[in-house]
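A.B. asks: Provided below for reference: sequence and predicted model.
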There are 2 protein chains.
Amino acid sequence: MKIDVTKHLTLGAKRTLKAFRVAMFDALSEKDFDRITVNDICKKSEYPRATFYNYFDDKLDLLEYLWSYIGKNILDQISSTQHNKNNLVKIFNLLVDFFEENPALLANIKKSDGSNSHLWHNMSGYLKHEANIIVYKNYADKNSVALPAPLVSRFYSDLIIGLLEWYLFEEPNADKETADKYLINLLTGNF
Amino acid sequence: MKIDVTKHLTLGAKRTLKAFRVAMFDALSEKDFDRITVNDICKKSEYPRATFYNYFDDKLDLLEYLWSYIGKNILDQISSTQHNKNNLVKIFNLLVDFFEENPALLANIKKSDGSNSHLWHNMSGYLKHEANIIVYKNYADKNSVALPAPLVSRFYSDLIIGLLEWYLFEEPNADKETADKYLINLLTGNF
DNA sequence: TGCAAATTTATAAAAGTGTCTAAATATAGG
DNA sequence: CCTATATTTAGACACTTTTATAAATTTGCA
């Protein structure tokens, strides 16, 4: 990204970022990421190319900003003060809810080869990253003799995203309660 | 890919694929993937652009073919008949060995933002996929009441790649034996 | 070896990318 | 509200990508 979105943004900048975000999100429900051009995004958002390049290096850069934004938004509802294994189940459920609320996006990801698609690899990487930030905050203080804390939190977030991938692409007929049960089994070493 | 590499290939096709693979692999040790052009690949491999586009959709397509090829090659040494948890450690060690044998590639991945780099996300996805094929063959027959087999093998391959990422990018000073120990702890639910 | 079929190649052209200007516009702060 | 500063914009540019075509070459097989 050409700008730092964690710093203060003018109203105009926020408006522009949102327009590009929405344009990319909509475009993703319509066609493959490969087929989306910067021109498409500019036409949809009604901003000139030069403005696009003021904010982003390229369309992948916008895509990744979109994933980060979405990831943060989904997981916003997790309290960082409650520390328990239930939070991991809650993160998983929030992610599932997001995809159930956005079937067009999910369908497009599935169309381009499901869990093997670039789109999914890319998105899940960012979701995992956002999940890991929360998980780390929750478990960093629980010292384990057997394993370093960063490795454990990484393990937990990997687990959540792995189960999500399985649930969305491999076993789309499984119900959420069963998936929750499986998650708990994996978390408690019951396998 | 424009052709099916699992089907029979002519000698010429094999020669051409190898030339493109080697060209991309070498290019990756020299500069960022973003900066590599199809022209670079063609110059290195001494094939015309039209031939490149006979085989691949674009440079990302070649990259992914390269990762699959490398993944298969690294893990070729795993026997599919021996079924034990040791195989998981062996897969991890083979992957570590590959990166220790290819420091220029690793350095380039690290340079472009370590575990956050596109290159790594992309590569690790394919390594995980290849690892999962082997793990699934090893564990599919061990029925678990608590969890479906595809989920368990996915869990194991996630674990291996997660630990690899941690070992390569987060804790490059850890020794392989410690990493092996951590892997066993994670596999046995000792966390 | 020789021939039909498939593949590779040179070449051209349309479309997309990313950078750069200077003018137009928007912004924050007195 | 005004003004210095920063951002946005149009337009042009060099370059890369991707597709398409027909001729040249290579391939598998009899």
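C.D. replies: The structure has been received and is ready for your questions.
A.B. asks: need the contact list for A:L62.
C.D. replies: A:L62 is in contact with A:F20, A:R21, A:M24, A:I41, A:F52, A:Y55, A:F56, counting by CB atoms under 8 Å, 6 or more residues apart in numbering or on different chains. To be clear about C-beta, it is placed using only N, CA and C from the backbone, and glycine gets the same treatment.
A.B. asks: what helix or strand is it located in?
C.D. replies: Here A:L62, judged by DSSP states H and E, is contained in helix A:59-75.
A.B. asks: next one: A:Q77
C.D. replies: In the assignment (DSSP H and E), A:Q77 maps to no helix and no strand.
A.B. asks: low-confidence ranges in chain A?
C.D. replies: A:80-85, A:113-116, A:143 (pLDDT under 70).
A.B. asks: okay, the contacts of A:L62 in CSV with neighbour count and secondary structure next?
C.D. replies: Listed next are the contacts of A:L62 as CSV, based on neighbours: other CB atoms under 10 Å in any protein chain shown; DSSP: H, G, I helix; E, B strand; the rest coil:
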residue, neighbour count, secondary structure
A:F20, 22, helix
A:R21, 17, helix
A:M24, 22, helix
A:I41, 23, helix
A:F52, 23, helix
A:Y55, 18, helix
A:F56, 22, coil
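A.B. asks: can you spell out the domain ranges of chain A, please?
C.D. replies: Here the domain parsing of chain A from automatic domain parsing is A:11-58, A:77-187.
A.B. asks: how long is the shortest one end to end?
C.D. replies: The reference is to domain A:11-58. End-to-end distance for domain A:11-58, by CA to CA, to the nearest Å: 23 Å.
A.B. asks: show me the contacts for A:A104.
C.D. replies: By CB under 8 Å, 6+ apart, the contact set of A:A104 is A:S29.
A.B. asks: check which helix or strand covers the residue most central in space within chain A.
C.D. replies: With distances taken as CA atoms, centre = their mean, the residue of chain A nearest its centroid is A:L127 (2.9 Å). Using DSSP H and E, A:L127 sits within helix A:118-139.
A.B. asks: how about that helix, does it reach chain B?
C.D. replies: Yes - Helix A:118-139 is in contact with chain B by CB under 8 Å from any CB of the partner chain, via A:H118, A:H121, A:N122, A:G125, A:H129.
A.B. asks: and which of those residues is nearest A:E46?
C.D. replies: A:N122 (25.9 Å; CB to CB).
A.B. asks: flag every residue of chain A that's near DNA strand C.
C.D. replies: Counting by CB under 7 Å from any atom of the strand, chain A comes close to DNA strand C at A:T10, A:L11, A:G12, A:T37, A:V38, A:N39, A:R49, A:A50, A:Y53, A:D57, A:D58, A:K59.
A.B. asks: who wins for neighbours among the residues you listed?
C.D. replies: A:K59 (19 neighbours; other CB atoms under 10 Å in any protein chain shown).
A.B. asks: thought it was touching A:N39?
C.D. replies: No - using CB atoms under 8 Å, A:K59 is not in contact with A:N39; the gap is 10.0 Å.
A.B. asks: and the gap between A:K44 and DNA strand C?
C.D. replies: Distance of A:K44 to DNA strand C, computed by CB to the nearest atom of the strand, to the nearest Å: 13 Å.
A.B. asks: which helix or strand contains that residue?
C.D. replies: Per DSSP H and E: A:K44 is located in helix A:38-45.
A.B. asks: number of nearby residues for A:E130?
C.D. replies: Neighbours around A:E130, by other CB under 10 Å: 22.
A.B. asks: who's in contact with the residue lying closest to it once chain neighbours are set aside?
C.D. replies: Spatial nearest neighbour of A:E130, excluding adjacent residues (CB to CB, 6 or more residues apart in numbering or on different chains): A:G71 at 3.4 Å. By CB under 8 Å, 6+ apart, the contact list for A:G71 reads A:Y126, A:L127, A:H129, A:E130, A:A131.
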